[in-house]
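Trainee: let me see the structure of the following:
(one chain, ligands or ions: 1)
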Amino acid sequence: MIGLPDAITACLFDLDGVLTGTAVLHREAWKQTFDSFLRQRDGEGFREFTDRDYAEYVDGRPRADGVREFLRSRGITLPEGTPDDPPDAETVNGVGNRKNVLLLKVIDERGVDPYPGSVRYLDAARDAGLKIAVVTSSANGEQVLDVADLSKYVQARVDGVVIRRDGLRGKPAPDSFLAGAKALGVEPANAAVFEDALSGVQAGRAGAFGYVVGVNRADQAEQLRAHGADVVVDDLAELLEDRS
Ligand SMILES: O=P(O)(O)OC[C@H]1O[C@@H](O)[C@H](O)[C@@H](O)[C@@H]1O
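Mentor: Numbering: from 1, shown residues only. Reported below is the predicted structural model:
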């Protein structure tokens, strides 16, 4: 009925790209940030930040991890700085906060749309008595859930603020999903992870969760499987289809 193995009693949903269309907004804000950083550093001949860079180094990871991983891929090291660095600081956190200014602006301008299929799935999961948590690396998780009117479904939230506060390792480490399962009082074997990011399905596999659903929003079904998805869907509503 809900497309999950019988042992599953809880759902751990990633947010951006799984429940809401905000993954695209993150990707755009990162591209603008990194392209202007690289242009300033290397001049007009700079090598652009690509969708592949986003998928491989940034998507799904906490803000500062994304900056550090991408810059490392280009052989660039910046001082770490601190999370409250101003957006113009030439530090890992400064670059991340530059992106956050752009992200908040675009969220404000365009709003946040939940995927209709995901809302249907949340309704079905709640009706089936499953416990529900949102596990997102985004420090804007609470705001995005509120704006999208999804907070009412969520019994526990592990977001970028909690990850930093509790010193959890970011995805692809399983820590944030393990914290989500713990907050719901379930064993990982009884929880399903829903993820659109390669780092996220990897975290699901690393935590030995009962089921990992890859949500294919960026034409990367094969990579999602290779990184740990047990099943890949284009939309969560596909899981509700009668397969008998
Ligand atoms: O910068 P934020 O809002 O804390 O988000 C951190 C990360 O959160 C993830 O959900 C996104 O997939 C990433 O693109 C983003 O970088």
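
Trainee: the helices in the protein, which residues?
Mentor: Ranges of helices within the chain are 23-42, 51-53, 63-73, 92-110, 116-127, 141-147, 160-165, 175-184, 198-206, 221-227, based on DSSP state H.

Trainee: G3 touches D235, doesn't it?
Mentor: No. In this structure, G3 is not within contact of D235 by Cβ atoms under 8 Å, at 11.6 Å. Yep, even glycine has a C-beta here, placed from its N, CA and C like the rest.

Trainee: hey, which of the helices of the chain is tucked in deepest?
Mentor: Greatest average neighbour count among these goes to helix 198-206 (a mean of 25), per mean count of other Cβ atoms under 10 Å.

Trainee: against which helices or strands is that one packed?
Mentor: helix 175-184, strand 191-195, strand 211-215, helix 221-227 (3 or more Cβ pairs under 8 Å, 6 or more residues apart in numbering; DSSP states H and E).

Trainee: now tabulate the ones you listed in CSV and tack on distance to the ligand and mean pLDDT.
Mentor: CSV is the format used below for these (distance: least, Cβ to the nearest ligand atom, whole Å; pLDDT from 0 to 100):
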stretch, distance to the ligand, mean pLDDT
helix 175-184, 10, 98
strand 191-195, 10, 98
strand 211-215, 12, 98
helix 221-227, 14, 98
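
Trainee: just send these back as CSV, with distance to T77 too.
Mentor: CSV is the format used below for the helices and strands packed on helix 198-206 (distance: least, Cβ to Cβ, whole Å):
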stretch, distance to T77
helix 175-184, 25
strand 191-195, 29
strand 211-215, 32
helix 221-227, 26
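
Trainee: minimum distance to E44: which of these has it?
Mentor: The minimum distance between E44 and the helices and strands packed on helix 198-206 falls on helix 221-227, with 32.0 Å, by Cβ to Cβ.

Trainee: show me which residues of the chain are close to the ligand?
Mentor: Residues of the chain lying near the ligand by Cβ under 6 Å from any ligand atom: 16, 23, 26, 58-60, 62-63, 66, 100, 103, 136-140, 160, 197.

Trainee: what's the most centrally placed residue in the chain in contact with, if anything?
Mentor: Relative to the mean C-alpha position of the chain, the nearest C-alpha, by Cα atoms, centre = their mean, is the one of G60, at 3.8 Å. Going by Cβ atoms under 8 Å, 6 or more residues apart in numbering, G60 touches 14, 137, 171-172, 195-200, 203.

Trainee: T136 against A156, yeah?
Mentor: No. T136 is not in contact with A156 according to Cβ under 8 Å; the separation is 11.9 Å.

Trainee: so between the two, which is more surrounded?
Mentor: Of the pair T136 and A156, T136 is the one with more neighbours under other Cβ atoms under 10 Å, namely 31 against 19.

Trainee: without its sequence neighbours, what residue ends up closest to the more buried one?
Mentor: L15 (3.8 Å; Cβ to Cβ, 6 or more residues apart in numbering).

Trainee: repeat for S151
Mentor: L145 (4.6 Å).

Trainee: need the per-residue pLDDT for that neighbour.
Mentor: On pLDDT, L145 comes in at 98.

Trainee: would you check that it makes contact with L15?
Mentor: Yes. Contact criterion Cβ under 8 Å: L145 and L15 qualify, at 6.9 Å.

Trainee: where do the contact lists of these two overlap?
Mentor: In contact with both L145 and L15: V134, using Cβ under 8 Å, 6+ apart.
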